[in-house]
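K.L.:
coordinates for the following, if possible.
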Amino acid sequence: QVQLVESGGGLVQPGGSLILSCSVSGFTYNGIAISWFRQAPGKEREGVSCISISDGRTYYADSVKGRFTISRDNTKNTVNLQMDSLSPEDTAVYYCARDFARFCAGWGSGIHGSWGQGTQVTVSS
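P.N.:
Sure thing, here's the model as predicted:
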């Protein structure tokens, strides 16, 4: 049973940076993909980025490519999302989850289990 807990959200000015962390436990087999999603007020939840835990391959939504970096820290069992050059359009509740996709193939279409509480990211001056 994979368990995930998000942290690291907050208020940041436009152009600023923030690091989100996803604490992950309960790995049982190869092929797990961990994704970050976000949901802005009045909008549908969308996939932001995915990392394949076994081989480290990373994938990004076009809207964040070049600004966000997803990484894994195997010593701390975390998946982090470094967010740079933030804009008000990045304001949302961010969630990490185990993606349906194995090795991130076709990531972002669904998750295993249920959504956590997420962490709020607000970009505002």
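K.L.:
from here on, contacts and neighbour counts on C-alpha atoms
P.N.:
OK.
K.L.:
lowest confidence element among the helices and strands of the protein?
P.N.:
Least confident helix or strand, the chain: strand 3-7 with a mean of 92, by mean pLDDT, DSSP states H and E.
K.L.:
pull up the pairing partners for the helix or strand just after that one, direction included.
P.N.:
The helix or strand immediately downstream of strand 3-7 is strand 10-12, counting by DSSP states H and E. When sheet partners are counted by DSSP bridges, strand 10-12 sits next to strand 119-123 (parallel).
K.L.:
what average pLDDT does the partner strand get?
P.N.:
For strand 119-123, the mean per-residue pLDDT is 98.
K.L.:
just how off-centre is that strand within its chain?
P.N.:
Centre-to-centre, strand 119-123 and its host chain are 13 Å apart (C-alpha atoms, centre = their mean, to the nearest Å).
K.L.:
in it, which residues are buried?
P.N.:
119, 120, 121, 122, 123 (16 or more other C-alpha atoms under 10 Å).
K.L.:
would you map the strands across this structure?
P.N.:
Under the criterion DSSP state E, the chain contains strands at 3-7, 10-12, 18-25, 33-39, 46-52, 58-60, 68-73, 78-83, 92-98, 119-123.
K.L.:
so which bits of the third one are buried?
P.N.:
The reference is to strand 18-25. By 16+ other C-alpha under 10 Å, the buried positions in strand 18-25 come out as 18, 19, 20, 21, 22, 23, 24.
K.L.:
tell me which other helices or strands that strand touches.
P.N.:
Where contact means 3 or more C-alpha pairs under 8 Å, 6 or more residues apart in numbering; DSSP states H and E, strand 18-25 is packed against strand 3-7, strand 78-83.
K.L.:
relative to strand 78-83, how tilted is the shortest one?
P.N.:
Strand 3-7 runs at 30 degrees relative to strand 78-83, counting by axes from the mean of the first three to the mean of the last three C-alpha atoms, to 10 degrees.
K.L.:
that's all I had, so thanks and see you.
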